[in-house]
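Asker: need a 3D model of the following:
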Amino acid sequence: MPKVAIAGGSSPTLGASILAALSTKHNWTPVILSRQTNNPKPSPEGIETRYVDYTSHESLVAALKDIDTVLSVVLIPGPESITYQLNLLNAAIEAGCRRFAPSEFAMREQAQAQVDLLQPKNVVWEAVKRKVEEKQIDAARFPCGMFMNYLGIGIGGEKEKEARAGFAEGAFLVHLDAEPAYVVVPVRADGSSPRLTLTDIRDVGRFVAAALEMEEWGGRELGMAGDTVNFDELIRFCERYTGKKVEVRRVTVQQLEDRLKEIPEADVLKRMDCQIAMACARDGSVVPGVLNEVCKVQPVKVEEFLRKYWG
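Answerer: You can find the predicted model right below:
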C-alpha cells in the first residue's frame, strides 16, 4: 500500500482527524513525522512515527524515501514556518515523493494575503506552485474556512470536549460562552451580513483522506466546505439550539481598520483576529467546495452540529 507521511501528525486536531479518516481506508499506510523532543507523544497504535529535524535536509530526505504523498499540518508560527515548509517540500522532491500539500487549512489565497500572520502560507504556496510548473512534484492546498468547532465553545463538560475535537483556541466572532452571548458580524460595505464557510475538523480529515484517491491534484486549491451560511442564519441557529438570546454586534470595515491601528505590531494574534474579520466583511471567508463535488463526503452542517452538541 502507498504510504502517506503526515508532518505534524501527532497534533490532537488536524493530525488526529486525518489519521482517524485513514483508519477507515485500507489502501493507504499513514506515517507520522514528528520533531524529536524530550517528551515525545506516544504513537497511535499500529502507526509508525519517524522523528525528523525540519532544519536538516538529510534528515527529511531519509524519512521520506518510501513515501508517496506528504501532507503537512505543522503549526509553526513566525518566519520559521516558511523555512520548515520549504525544507519539507524540497526533501519530498529529492526523496521522489509524488505529491505534497503544505499546511493550509484556513482561507483562500486571496483572503490570506490580507492577514499578516497567514501571509507565510502564501509565500510557501507560491514556491510549491513553481515546483509543480517545473513538473518536479504534484501538489494541492486545502482551504476549509473557519473551524466549525468554534461553535462548541461554552457547552461545558464532555460535550464541549467532543465538540471541540481537540481544538483548544478561544472564541472568535461567535461568543456563545459569554454572558450575554454575542456574535460579532463584520458587515459588508452595503451594511449586509456576509457569508462564511465552516468545516468540522473531523470532516477536514475525511476530505483530505478522500483527496488521496484522486489521480492528480494539479497544483490547485482543493477547497472543502462543511457548510456556508450567512451570519444572520448562523445567529438564528445559535439562538434556536443554545436557548440563549444572542446579542448581535455589527462592525464595519472602517471600524475594524481604526481598531487595527490601535493594536501594537507585537500583538500578532489580536491583529490576526481583526484582519480576518475584515476579510470576512469582503466575503473572504467563503471557500468553494471543490472537494465536495469530487469526493463522496457528507460533511456536518452548522444546524446539525449545533443540534447535536447544544440541543
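
Asker: where along the stretch 101-250 of the chain do the helices fall?
Answerer: Ranges of helices within the stretch 101-250 of the chain are 109-112, 119-133, 157-164, 201-211, 231-242, based on DSSP state H, counting those that start in this stretch.

Asker: buried sites along the longest one?
Answerer: In other words, helix 119-133. Using 16 or more other Cβ atoms under 10 Å as the test for burial, helix 119-133 gives P120, K121, N122, V124, W125, A127, V128, K131, V132. To be clear about C-beta, it is placed using only N, CA and C from the backbone, and glycine gets the same treatment.

Asker: what's the closest of the residues you listed to T13?
Answerer: K121 (16.7 Å; Cβ to Cβ).

Asker: return the residues in contact with the closest one.
Answerer: Contact criterion Cβ atoms under 8 Å, 6 or more residues apart in numbering gives S81, P102, S103, E104, A106, Q112 as the residues in contact with K121.

Asker: rebuild these as TSV, extending it with neighbour count.
Answerer: Shown next, in TSV, are the contacts of K121 (neighbours: other Cβ atoms under 10 Å):
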residue	neighbour count
S81	19
P102	25
S103	23
E104	24
A106	22
Q112	23
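
Asker: which of these lies closest to S23?
Answerer: Nearest to S23 among the contacts of K121, counting by Cβ to Cβ, is S103 at 21.4 Å.

Asker: how about the closest one, phi and psi?
Answerer: Backbone geometry at S103, expressed as degrees, to the nearest 10, gives phi -70, psi 110.

Asker: just checking, it touches S72?
Answerer: Yes: in this structure, S103 sits in contact with S72. The criterion is Cβ atoms under 8 Å, and the distance is 4.2 Å.

Asker: so how many other residues sit close to the nearest residue to G243 once chain neighbours are set aside?
Answerer: With Cβ to Cβ, 6 or more residues apart in numbering as the criterion, G243 has its nearest non-adjacent residue at 7.9 Å, and that residue is W310. W310 sits with 21 neighbouring residues when counted by other Cβ atoms under 10 Å.

Asker: surely W310 and I153 touch.
Answerer: No: the pair W310 and I153 fails to qualify as a contact (Cβ under 8 Å) at a distance of 10.9 Å.

Asker: for the two, list the residues in contact with both.
Answerer: Taking Cβ under 8 Å, 6+ apart as the criterion, W310 and I153 both touch L176.

Asker: could you pull up phi and psi at the residue nearest to G243?
Answerer: phi -110, psi -30.

Asker: picking up where we left off before, tell me, what's touching S103 and S72 both at once?
Answerer: Contacts common to S103 and S72, judged by Cβ under 8 Å, 6+ apart, are A7, G8, Q85.

Asker: just among those, which is most surrounded?
Answerer: Ranked by neighbour count (other Cβ under 10 Å), the shared contacts of S103 and S72 have A7 at the top, with 31 neighbours.

Asker: quick one: least confident helix or strand in this protein?
Answerer: Among the helices and strands of the chain, helix 109-112 carries the lowest confidence by mean pLDDT, DSSP states H and E, at a mean of 92.

Asker: that helix packs against which elements?
Answerer: In terms of contact count using 3 or more Cβ pairs under 8 Å, 6 or more residues apart in numbering; DSSP states H and E, helix 109-112 is assigned the packing partners helix 119-133.

Asker: gap between the helix it packs on and the chain center?
Answerer: Here the centre of mass of C-alpha atoms in helix 119-133, compared against the chain's by Cα atoms, centre = their mean, to the nearest Å, lies 17 Å away.

Asker: restricting to C-alpha, output that helix in CSV.
Answerer: Extracted C-alpha coordinates of helix 119-133, given in CSV (Å, rounded to 0.1, in the frame of the first residue of the first chain):
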residue,chain,number,x,y,z
GLN,A,119,0.9,35.5,4.6
PRO,A,120,3.7,33.0,5.1
LYS,A,121,1.3,30.3,3.9
ASN,A,122,1.0,32.2,0.6
VAL,A,123,4.8,32.5,0.3
VAL,A,124,5.1,28.7,0.7
TRP,A,125,2.3,28.1,-1.8
GLU,A,126,3.9,30.3,-4.5
ALA,A,127,7.1,28.2,-4.1
VAL,A,128,5.0,25.0,-4.3
LYS,A,129,3.3,26.1,-7.5
ARG,A,130,6.7,26.8,-9.1
LYS,A,131,7.8,23.3,-8.4
VAL,A,132,4.5,22.0,-9.9
GLU,A,133,5.0,24.1,-13.0
